[in-house]
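Student: Provided below are the primary sequence and the corresponding predicted coordinates.
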Amino acid sequence: MISYIDCKLNHLSIHHSGNKLLDEKYRLSAKPFSVQDETLNQLLLDYFLRPFEKVNEVYRLSHPSNDLQLNEVYHFAEMIFNDPGEFHEHSKQITRHLYDVSNHPRIKSGEVYIAGFKDVQIEGELFDAIGIFKSESKETYLKVYPDEEGYQVDYEQEAINIKKLDKGCLIFNTEKEEGYKVAVIDNTNKGSDTVYWIDEFLKLIVRNDNYNQTYNAMGIYKSFVTEKMDELYDINKAQKIDMLNRSMNYFKEKEAFDIDEFSNEVIGDPKGINSFKEYKQHYEKEYETEIGDTFSISPQAIKKQNRNYKSVLKLDRNFHIYIHGNNELITKGFDKKMNMNYYKVYFREEN
């Protein structure tokens, strides 16, 4: 969904942010960093942007008061987009804001990179974008090089692995009135007590588009089948897998979701349909996220949820049965003589 094939790195400012709670300091560069070497330029583009090629979710900057100007990152992003000549000065303000919210003992210090990009592609369109990145993890690298008598080995400590971006976000210069389009990565401090990057620093909310509608609807149904169906029916795992397979087929075959059509085709039973709709309403209320009764289906969301839809029936440590359809061809029973459960599987030929 995000591509940087045609992208250019126009601005780069590098600063440092410590942990405010631990009385660490921040350090601001006096001037922006100028990238002259083409190899370094490409390495930086790969480090900053390659991880976003696998990101599908789109967020928006927000504020609890609904006044976007009170979101510091939104304010400075708007200033940069309006006047790129002041990029470096605004990058300092962004770093100060990051330092101010870095007040949890687990937050690591690290370099902060504020970058200005031209022509980053998202959802098939090219936009200017502001990137904010932080490197917190350092590694030691060996360096092997030849000399007159053979080879020498040296090392470099506190180096950055360009294939491991710790934290990053891309703010695209589009849909400004709604909080811009924002993509985010956070590969460190994922605990609920240290989600300062997304919640405190950026103040992000999920954009409620077709991708998220599809992803959430599939997630709700999966939770309903795995957690709620036992309360309604005497149902085994093979039957649950069959229900999940039917729902996956629905999303793959249809262009649009309709809750009544989905419920009738996938669930069928009136008792189960009512329970599913109540489950959906409870989710929307608890998470303050509205999921429409109708929406266009996103293939990208299906692809991601497909990883979470398990079609494997695991029996002790001896057997795994992959169930892809036709639940009538597998039945469950209990063998009194063996004092064990069993599954009977019908098939025409072996492959």
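Tutor: Received it, and whenever you're ready, just let me know what you need.
Student: for I259, what are its contacts?
Tutor: K277, K280, D293, T294 (CB atoms under 8 Å, 6 or more residues apart in numbering). Using the backbone N, CA and C atoms, a C-beta is placed for each residue, glycine as well.
Student: quick one: which helix or strand includes the nearest residue to the second one once chain neighbours are set aside?
Tutor: Just to be clear, that refers to K280. Nearest non-adjacent residue to K280, counting by CB to CB, 6 or more residues apart in numbering: I220, 5.5 Å away. Using DSSP states H and E, the element containing I220 is helix 210-223.
Student: ok, I291 next?
Tutor: Using DSSP H and E, no helix or strand contains I291.
Student: next, it: phi, psi?
Tutor: phi -120, psi 120 (degrees, to the nearest 10).
Student: count of residues packed around it?
Tutor: Look at I291: counted by other CB atoms under 10 Å, it has 21 neighbours.
Student: what's the distance between it and V73?
Tutor: Distance of I291 to V73, computed by CB to CB, to the nearest Å: 27 Å.
Student: any weak-confidence spans in the stretch 51-200 of the chain?
Tutor: The model of the stretch 51-200 of the chain has pLDDT under 70 over residues 189-194.
Student: tell me where it has helices.
Tutor: All helices of the stretch 51-200 of the chain, identified by DSSP state H, counting those that start in this stretch, fall at 72-82, 87-100.
Student: model confidence score at Q239, please.
Tutor: If you check Q239, the pLDDT there is 78.
Student: just give me the neighbour total for the nearest residue to K228 once chain neighbours are set aside.
Tutor: Once flanking residues are discounted, K228 sits nearest to Y279: 5.8 Å by CB to CB, 6+ apart. Counted with other CB under 10 Å, residues neighbouring Y279 total 16.
Student: phi, psi for Y279 please.
Tutor: phi -60, psi -40.
Student: that one and K222 touch, don't they?
Tutor: No - at 11.2 Å, Y279 does not count as touching K222 under the criterion of CB atoms under 8 Å.
Student: mean neighbour count and distance to K203 for the helices of the stretch 51-200 of the chain - can I get that in JSON lines?
Tutor: Putting the helices of the stretch 51-200 of the chain into JSON lines (neighbours: other CB atoms under 10 Å; distance: least, CB to CB, whole Å) gives the following:
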{"stretch": "helix 72-82", "mean neighbour count": "20", "distance to K203": "7"}
{"stretch": "helix 87-100", "mean neighbour count": "20", "distance to K203": "11"}
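Student: reformat these as CSV; add distance to I5.
Tutor: Putting these into CSV (distance: least, CB to CB, whole Å) gives the following:
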stretch, distance to I5
helix 72-82, 22
helix 87-100, 23
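Student: tell me which of these approaches N212 most closely.
Tutor: In terms of CB to CB, the element of the helices of the stretch 51-200 of the chain nearest to N212 is helix 72-82, at 20.2 Å.
Student: which helices and strands sit right next to the closest one?
Tutor: Secondary-structure packing of helix 72-82 (3 or more CB pairs under 8 Å, 6 or more residues apart in numbering; DSSP states H and E): strand 59-61, helix 87-100, strand 125-135.
Student: these: which one's closest to M340?
Tutor: Per CB to CB, nearest to M340 of the helices and strands packed on helix 72-82: strand 59-61, 49.6 Å.
Student: so the nearest residue to I302 once chain neighbours are set aside, which state does it fall into?
Tutor: Leaving out its chain neighbours, the residue that sits closest to I302 by CB to CB, 6+ apart is F251, at 5.1 Å. Following DSSP: H, G, I helix; E, B strand; the rest coil, the label given to F251 is helix.
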